[in-house]
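**Student:** Take this sequence and fold it.
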Amino acid sequence: MKLSVQEYIKKIPYYPKAAMYGSEDGWVRLSSNENPYPPSPEAISRMMDELFCVNRYPGNESELKDAISKHYGKEPENVLIGNGSNEIIELSLKAMKHGTKNKVVISEPSFAFYEIASKIYGYETVKAPLVKMKVDLGVVRDCIDDHTRVVFLNNPNNPTGTIFNGEKFTDFLKNLPTDVLVVVDEAYGEFVESRAFPDSFSCINDYPVIILRTFSKAYGLAGLRIGYGVGEKSVISFLDRTKQPFSVNVMAISAAKAALMDQKYLKKVLNNNRKGKKFLYKALKALSVEFIPTEANYILVKIGSTAESVTKRLYEEKILVRWMGSYNLDEYIRVGIGTMDENIVFVEVLKRIL
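**Tutor:** Numbering: from 1, shown residues only. The predicted structure is shown next:
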């Protein structure tokens, strides 16, 4: 069968997926930046309750919006719920469609879906290279012109785990041309320890900014696919108009609200991440292996010319990490911070391979 398809669709790259998803036993899964721990018991309990209501369309988004808005000192109208923050990335591109403004600026490398989604909706992508493995907002600003419509900023940046600071972010926004939407993806924001991290939520009413967060990472709900965006009310309303009805399921909404309320669970997750990060730093230094210090729940590790083969060797030992060849970082692997047992297994096998 032959169907005519536009050339820009044919040129869209596949999303660089991990080697394996799901719940097969016996694997150390450090390839997808997941939370290695089960969700909050409160979230699990709410999911079980909702099992008896899945014959109905979800009507509880407003409850989650209320909870998120209170968490950040905002109003429910500032919040948009999405099927993962990926949906809000797409909504940003759909809502911002404009005849003469057809460019999107992204950092390179950063989360691969920005470019994929941009091309799906017919935008031209302009890439701002990292400087010393960090997003340089000056370089990003230089990429913006009269045809720019959306800018995606990943903070912490995936796959490097590095951040840009609040002072530079404010200066960037002040010097931004009018009519450009800035989407700040803070999927790993809960993990950040640096005091230089921007208070981006304070900017939403002064600048055209949407802040993305997710329940997939620190809150351990990746399998439910739920995220959210926070922005100025009118901007959020435009995105909401382009959203398909009932895109987020009833179990995800209820679990997310319970997870947000259980800050004790979140503190435990973040504490375990700090301990795992320190352990991996020490172990990698002992092996004389270079790495990029991270503000997230993964570490970009420089293996060298054998990075791809090391990834395959680890796979043979049932350890999943991500080779960064698809991000033009051929000498690197990205390693998620797992449970301490998983971290130990990874280090022992890596030591043997090297």
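
**Student:** Pull out the buried positions in stretch 162-181.
**Tutor:** The neighbour-count check on stretch 162-181 (16 or more other C-beta atoms under 10 Å) flags 162-164, 166, 169-170, 172-173, 176, 180-181 as buried. C-betas here are computed from N, CA, C, even on glycine.

**Student:** ditto for stretch 146-153
**Tutor:** 148-153.

**Student:** taking the residues you listed one by one, which sit in strands?
**Tutor:** The subset of the buried residues of stretch 146-153 located in strands under the criterion DSSP state E comprises 148-153.

**Student:** and the least confident of the buried residues of stretch 162-181?
**Tutor:** Taken together, the buried residues of stretch 162-181 show their lowest pLDDT at G166, with 90.

**Student:** For the longest helix belonging to the chain, buried residues please.
**Tutor:** Longest helix of the chain, by residue count under DSSP state H: helix 263-286. The neighbour-count check on helix 263-286 (16+ other C-beta under 10 Å) flags 265-266, 269-270, 272-273, 276-277, 280, 283-284 as buried.

**Student:** re earlier: among the buried residues of stretch 162-181, which are in helices?
**Tutor:** 166, 169-170, 172-173.

**Student:** those helices in this structure, which residues are they?
**Tutor:** Read by DSSP H, the chain holds these helices, from start to end of the chain: 7-10, 41-50, 61-72, 84-95, 113-120, 137-142, 166-174, 233-241, 250-261, 263-286, 307-316, 340-353.

**Student:** would a markdown table of these with distance to R195 be doable?
**Tutor:** Written out in a markdown table, the entries for the helices of the chain read as follows (distance: least, C-beta to C-beta, whole Å):
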| stretch | distance to R195 |
| --- | --- |
| helix 7-10 | 43 |
| helix 41-50 | 29 |
| helix 61-72 | 18 |
| helix 84-95 | 24 |
| helix 113-120 | 27 |
| helix 137-142 | 18 |
| helix 166-174 | 9 |
| helix 233-241 | 28 |
| helix 250-261 | 23 |
| helix 263-286 | 15 |
| helix 307-316 | 33 |
| helix 340-353 | 26 |
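
**Student:** Now do F164 against S202, distance only.
**Tutor:** Spatial separation of F164 from S202 under the definition C-beta to C-beta, to the nearest Å is 16 Å.

**Student:** Revised request: answer the last question for I253.
**Tutor:** Look at I253 and S202: by C-beta to C-beta, they are 27 Å apart.

**Student:** Between those two, which has more neighbouring residues?
**Tutor:** More neighbours sit around I253 than around the other of I253 and S202, counting by other C-beta atoms under 10 Å; the figures are 24 against 13.

**Student:** Looking at the helices of the chain, spot the one closest to R213.
**Tutor:** With C-beta to C-beta, the closest approach to R213 among the helices of the chain belongs to helix 84-95: 6.9 Å.

**Student:** For the closest one, name the packing helices and strands.
**Tutor:** Packing partners of helix 84-95 (3 or more C-beta pairs under 8 Å, 6 or more residues apart in numbering; DSSP states H and E): strand 79-82, helix 113-120, strand 148-154, strand 181-185, strand 209-214, strand 227-231, helix 233-241.

**Student:** What residues of the longest one count as buried?
**Tutor:** Read it as helix 233-241. Result for helix 233-241 [16+ other C-beta under 10 Å]: buried residues 235-236, 238-239.
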